[in-house]
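Asks: how would this look folded up:
(2 chains)
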Amino acid sequence: MERARLVPLAIAAAVVLALALGPQFLRPSSLYLVSLWAVTAIAAMGLNLTLGYAGQISMAQGAFVGIGAYATAILMQQGVPFPAAFVAAGAICFGVGWLLGYPALRVQHHYLAFVTLAFTTLVYLLLRNEQWLTNGVYGISGIQRPVLFGVSFAKSADYYYFCLGMLAIFLGAMWWMIRSPWGRAFMVLRENPVRAMSLGVDTRRYTLLAFAIGSSIGGFAGGLFAPLVQFLEPGSFSLGYSLSLLLMVIVGGSGYLLGPLVGAMVAVLLPEFLRFTQGYYLLLYAAAVMILMTFCPQGLIGMAERIAAALRRRRTTATTGTH
Amino acid sequence: MAPVLEVKDIHKSFGGIVAVDGVSFSVDEGEIVGIIGPNGSGKSTLFNCVLGQLQPTSGEIRVDGKVTTGMRPCDLNALGVSRTFQLLQVFPELTVKDNLIAAGQEHRGSMLSRLFGPPDAGLGAAADRMIEFFRLSHVAGERAGRLSYGQQKLLDAAMAFMGGPRLVLLDEPAGGVNLTMLADLRERLRAINREMRATFVVIEHNMDFVMSLCTRVLVLAEGRIIAEGDPASIRNNPKVVEAYLGP
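Replies: Below is the predicted model:
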């Protein structure tokens, strides 16, 4: 029992320490990648709420990151300070996500997937065609890194800490929400909506909330994404990005708090480590996902949990065996 | 005082098929009313109309004097109307205890207090008592999907009582439950009826169970009530025998 709790704690401590010391030994390009991982993990965390906990499939998370990123960039160019633009990005996505939740009250599963897929395409077309607002295919460049309370986060290492700090905040908030009665309500919505309704769970309200909160977290991730990359173009937020976020949630382990962090790591960092395979990376990734989904649909965190349980069982049989 | 449940002239048809054809009855506080009838007599449709799962074609339903026709199940539940299901309806991935907390949490506090307040919505102790009452202590931490059929049936029943309901509609509580557990279930239900002043309406096929549990029995055939009375008089009513066995 003691060791079962110590091992994950030790891993967590090592990861936090390595991240804290990152700028000491990482190249700027690597710092950028880890920052991108943090931002992507936040976006995936939002989708994990909608899909993993509340059971509502969405292929629109990438579009919400796009809306959040563009909202932040456009507002900042109008002279709005970063904190206000960032909050606005989350608020806009909360509203739009709430509206996108309405179809989910009528359709489920792959029909809902198609509705959200159409929404993603719509957002992409708006970003590309509404040149007066988004500058179309030319994109928005020269997005500034934030300055908060007189402290500038312009340098890569500083913005790296900023992104990681945000990831920690969102992770903490998500952890709190999931263990609160809200989290339980989202899960019973996924498990059995008819039964949930008979127990007083307002399934309509929670479905809309799941969409709105998940989408707003996507919007916040977009708000961090814009100053990170400093250049936005519509192509980054096409359907492929939404699908990739969906894959991260599922590969990491949907419905697990840390699933999106692991999934984003696989999607963002692994390609760099597998550079030596040259063009074969996607092939390897695709094959690995197929194998994982066949043998462990609960994703990597689910697999780790399974292995840990097997080890515990083995140890208890070993100790009882010596008696 | 108004009856806990009043059903007035409920009709429900699906296309040309009339499932419930003018049913009226009322249930007073503390009663355990059984509804029996052959397959297809309209019991489940009637139940679903009362519970807001189906919209009656015409007629009116009142709970504690308040018109509830057409209300959503979750709003009805907020008024104190709870139910169990014929087929198992638990939350398989949640633990037994979380199933019970989920079953009661929407009755506690506001949306805000449920986000910022204690994770168990202050129901931890109540859930533990319910677990003990239904003798599920040894599986309290298990995921509900791993319990045996009988244990899930008990959990399903226990969940209906977590919100402190006024009125509980039990849909075939004895279905698929073995004889020992059946006697146990009957005692649990009687105790809750007594202690919580909860009023029950029960649909059931198991005659012995209905006759020994209920204080009053309604007999439904072809969408109408054909007999009503205490268990002994129903047992000897020729109309009831005819409805079940044919003329």
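Asks: how many other residues sit next to residue 217?
Replies: Reading this off chain A. 31 (other Cβ atoms under 10 Å in any protein chain shown). Every residue, glycine included, has its C-beta placed from N, CA and C.
Asks: if you could check chain B rather than the one you did, that'd help
Replies: 27.
Asks: okay, the helix or strand bottoming out on mean pLDDT in chain B in CSV with CA atoms only?
Replies: Least confident helix or strand, chain B: helix B:238-245 with a mean of 81, by mean pLDDT, DSSP states H and E. Extracted C-alpha coordinates of helix B:238-245, given in CSV (Å, rounded to 0.1, in the frame of the first residue of the first chain):
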residue,chain,number,x,y,z
PRO,B,238,-63.3,-13.5,-10.4
LYS,B,239,-62.6,-10.6,-12.8
VAL,B,240,-58.9,-10.7,-11.9
VAL,B,241,-58.7,-14.5,-12.4
GLU,B,242,-60.4,-14.0,-15.7
ALA,B,243,-58.0,-11.3,-16.8
TYR,B,244,-55.0,-13.5,-16.1
LEU,B,245,-56.3,-16.9,-17.2
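Asks: how far does that helix sit from the chain's center?
Replies: 25 Å (Cα atoms, centre = their mean, to the nearest Å).
Asks: go on, stretch B:70-88?
Replies: 9 Å.
Asks: got the CA positions of the longest helix along chain B in PDB?
Replies: Counting by DSSP state H, the longest helix found in chain B is helix B:179-195. Extracted in PDB, the C-alpha atoms of helix B:179-195 (Å, rounded to 0.1, in the frame of the first residue of the first chain):
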ATOM      1  CA  LEU B 179     -36.100 -16.200  -2.800                       C
ATOM      2  CA  THR B 180     -33.800 -15.400   0.200                       C
ATOM      3  CA  MET B 181     -33.000 -12.000  -1.100                       C
ATOM      4  CA  LEU B 182     -36.600 -11.400  -1.900                       C
ATOM      5  CA  ALA B 183     -37.700 -11.700   1.700                       C
ATOM      6  CA  ASP B 184     -34.800  -9.500   2.600                       C
ATOM      7  CA  LEU B 185     -35.800  -6.900   0.100                       C
ATOM      8  CA  ARG B 186     -39.400  -6.900   1.300                       C
ATOM      9  CA  GLU B 187     -38.200  -6.200   4.900                       C
ATOM     10  CA  ARG B 188     -35.900  -3.400   3.700                       C
ATOM     11  CA  LEU B 189     -38.700  -1.800   1.700                       C
ATOM     12  CA  ARG B 190     -41.200  -2.100   4.600                       C
ATOM     13  CA  ALA B 191     -38.700  -0.600   7.000                       C
ATOM     14  CA  ILE B 192     -38.000   2.400   4.700                       C
ATOM     15  CA  ASN B 193     -41.700   2.900   4.200                       C
ATOM     16  CA  ARG B 194     -42.100   3.000   8.000                       C
ATOM     17  CA  GLU B 195     -39.100   5.100   8.900                       C
END
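Asks: now it: average pLDDT?
Replies: Across helix B:179-195, pLDDT averages out at 89.
Asks: now what about the helix or strand following it, what contacts it?
Replies: For helix B:179-195, the following helix or strand on the C-terminal side (DSSP states H and E) is strand B:199-203. Contact with strand B:199-203 is made by B:4-5, B:27-36, B:43-44, B:47, B:50, B:86, B:166-173, B:189, B:193, B:210, B:213-214, as judged by Cβ atoms under 8 Å, 6 or more residues apart in numbering or on different chains.
Asks: relative to the whole chain's centre, how far out is strand B:199-203?
Replies: 5 Å.
Asks: beyond that strand, next helix or strand please.
Replies: helix B:207-213.
Asks: quick revisit: need the buried ones from the contacts of strand B:199-203 selected in PyMOL.
Replies: Listed next is the PyMOL selection for buried residues among the contacts of strand B:199-203, using 16 or more other Cβ atoms under 10 Å in any protein chain shown:
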select buried, chain B and resi 4+5+27+31+32+33+34+35+36+43+44+47+50+86+166+167+168+169+170+171+172+173+189+193+210+213+214
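Asks: from the contacts of strand B:199-203, which land in helices?
Replies: B:Lys43, B:Ser44, B:Phe47, B:Val50, B:Leu189, B:Asn193, B:Val210, B:Leu213.
Asks: need the max-distance pair from those residues.
Replies: Within the ones in helices among the contacts of strand B:199-203, two members stand farthest from each other by Cβ to Cβ: B:Ser44 and B:Asn193, at 22.4 Å.
Asks: hmm, back to that, ok, and what's touching the least confident helix or strand of chain B?
Replies: Contacting residues not belonging to helix B:238-245 are listed as B:Gly37, B:Pro38, B:Ser41, B:Val219, B:Ala221, B:Ile226, B:Ala227, B:Ile234 [Cβ under 8 Å, 6+ apart].
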